[in-house]
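Student: Quick check, what structure comes out for this input:
(one chain, ligands or ions: 1)
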Amino acid sequence: VIPGWFSEISPMWPGEAHSLKVEKILFQGKSDYQDVMVFQSATYGKVLVLDGVIQLTERDECAYQEMITHLPLCSIPNPKKVLVIGGGDGGVLREVARHSSVEHIDICEIDKMVVDVSHLDLLNFTVGYEDPRVTLHVGDGVAFLKAAPEGSYDAVIVDSSDPIGPAQELFEKPFFESVAKALRPGGVVCTQAESIWLHMHIIEDIVVNCRQIFKGSVNYAWTTVPTYPSGVIGFMLCSTEGPEVDFKNPINPIDAIENQTKSIGPSLKFYNQEIHSAAFCLPSFAKKVIEAK
Ligand SMILES: NCCCCCc1nc2ccccc2[nH]1
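Tutor: Numbers count the residues shown, from 1 in each chain. Purely as a prediction, here's the structure:
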């Protein structure tokens, strides 16, 4: 790859490709699972690419990391034990750490090279790993959840790449069943759930599975991330049977968190209470599929 333009070409979004101007390649490697690359872009800061797919950029990662974390954690009164599957860059950890009620955070990332890249401070998210509440497990999230005792967690965040490659099993029914088992009654899960413009068929399958498995509430929310294909990405928010969870009205409001976390690092750039509720408003073509009776 010579300094020029990086284009994100994938069979998951045929016929289109978002491009970013490359200033300098900062890291290139091949792990046991995927090709890993970090480059300095001209206008989006540093960019993490796995198997040719943009995973995050410094400029817009806030939208994704803040929403995937605070949509679930602001929907339950006192999150204490949180599990992050994927998220090896550490960005989600930074966001979970803002919640002072949280006592323990497990993170299970399959690819050590992704963790190393973020520790190389190439992506300066390492603040997430420094929190004493964090325990890192390098391994397969599917096996980790199978081994997790029943009712271990208040919240599970599945910060996965796309269902082509190492993350494929994180979009399948057995995995969702193991998440439900590992959650306490009224516990919540938030997963990376692709784009309503590109992946309505994937989303439909996920919704069907989640409705069968999670007997609390099942909702789809979405946000804008300019460097993800189609400029949007969504989340599946589910709760297990037990104390009612109303995802659309955050009971654990962010301002409380805002005050708690002066020390953690940069304040929230994207998430707020209004955007939390707005994230669940869907265009009709998506509503029809996701909220089908
Ligand atoms: N095409 C949309 C991709 C969404 C990627 C989300 C995501 N979050 C990540 C955390 C660590 C490593 C890779 C990651 N990828």
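
Student: so Ser152 sits right up against Ala182, yeah?
Tutor: Yes: assessed by C-beta atoms under 8 Å, Ser152 is found in contact with Ala182 at 5.1 Å. Heads up, the C-betas are built off the backbone N, CA and C, glycines and all.

Student: any common contacting residues for the two?
Tutor: Residues touching both Ser152 and Ala182 (C-beta atoms under 8 Å, 6 or more residues apart in numbering) are Leu83.

Student: that's a strand at Arg59, yeah?
Tutor: No: assignment of Arg59 by DSSP: H, G, I helix; E, B strand; the rest coil gives coil, placing it outside any strand.

Student: what residues are up against it?
Tutor: For Arg59, the contact set (C-beta under 8 Å, 6+ apart) comprises Thr43, Tyr44, Gly45, Thr227.

Student: Mind pulling the model confidence for the first one?
Tutor: According to the prediction, Thr43 has pLDDT 97.

Student: That one: how many residues sit nearby?
Tutor: The number of residues packed near Thr43 is 9, by other C-beta atoms under 10 Å.

Student: who touches it in this structure?
Tutor: Contacts of Thr43 (C-beta under 8 Å, 6+ apart): Leu20, Lys21, Arg59.

Student: from the residues you listed, which single one is nearest Thr223?
Tutor: Taking C-beta to C-beta as the measure, Arg59 is the one of those closest to Thr223, at 14.7 Å.

Student: Neighbour count: Ser152 and Ala182, which is higher?
Tutor: Using other C-beta under 10 Å as the criterion, Ser152 and Ala182 rank with Ala182 on top: 23 against 18.

Student: ends of stretch 52-66, how far apart?
Tutor: Chord length of stretch 52-66, first to last residue, is 24 Å (C-alpha to C-alpha, to the nearest Å).

Student: what comes up buried for it?
Tutor: Residues of stretch 52-66 classed as buried: 53-58, 60-66 (neighbour count, 16 or more other C-beta atoms under 10 Å).

Student: Adding distance to the ligand, write those residues out as a markdown table.
Tutor: Putting the buried residues of stretch 52-66 into a markdown table (distance: C-beta to the nearest ligand atom, whole Å) gives the following:
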| residue | distance to the ligand |
| --- | --- |
| Val53 | 5 |
| Ile54 | 7 |
| Gln55 | 4 |
| Leu56 | 6 |
| Thr57 | 11 |
| Glu58 | 13 |
| Asp60 | 12 |
| Glu61 | 9 |
| Cys62 | 13 |
| Ala63 | 11 |
| Tyr64 | 6 |
| Gln65 | 8 |
| Glu66 | 13 |
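
Student: contacts for the strand ranked longest in the chain?
Tutor: Determined from DSSP state E, the single longest strand within the chain is strand 18-30. Under the criterion C-beta under 8 Å, 6+ apart, residues 1, 3-8, 35-44, 46-47, 54, 57, 113, 117, 120, 122, 227-229 lie in contact with strand 18-30.

Student: Toward the C-terminus, what is the element adjacent to it?
Tutor: Later in the chain than strand 18-30, the nearest helix or strand by DSSP states H and E is strand 35-41.

Student: wait, does that next one make contact with the ligand?
Tutor: No: using C-beta under 6 Å from any ligand atom, strand 35-41 never reaches the ligand; the gap is at least 9.2 Å.

Student: now the next helix or strand after that strand: how far from the chain's centre is it?
Tutor: Beyond strand 35-41 in the direction of the C-terminus, DSSP H and E gives the next helix or strand as strand 46-50. Put simply, strand 46-50 sits 15 Å off its chain's centre (C-alpha atoms, centre = their mean, to the nearest Å).

Student: Give me the sheet partners of strand 46-50 and which way each runs.
Tutor: strand 35-41 (antiparallel), strand 53-57 (antiparallel) (DSSP bridges).

Student: and that strand with strand 18-30, angle?
Tutor: 70 degrees (axes from the mean of the first three to the mean of the last three C-alpha atoms, to 10 degrees).

Student: Not counting its own residues, what contacts strand 46-50?
Tutor: Outside strand 46-50, the residues touching it (C-beta under 8 Å, 6+ apart) are 6, 8, 20, 26, 34-41, 54-58, 89, 114, 117, 122-124, 161, 165, 227.

Student: Now it - C-alpha only, CSV.
Tutor: This file holds the C-alpha atoms of strand 46-50, laid out as CSV (Å, rounded to 0.1, in the frame of the first residue of the first chain):
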residue,chain,number,x,y,z
LYS,A,46,-5.3,7.2,13.2
VAL,A,47,-7.3,4.4,11.6
LEU,A,48,-7.4,0.7,12.7
VAL,A,49,-8.1,-1.7,9.8
LEU,A,50,-8.7,-5.5,10.2
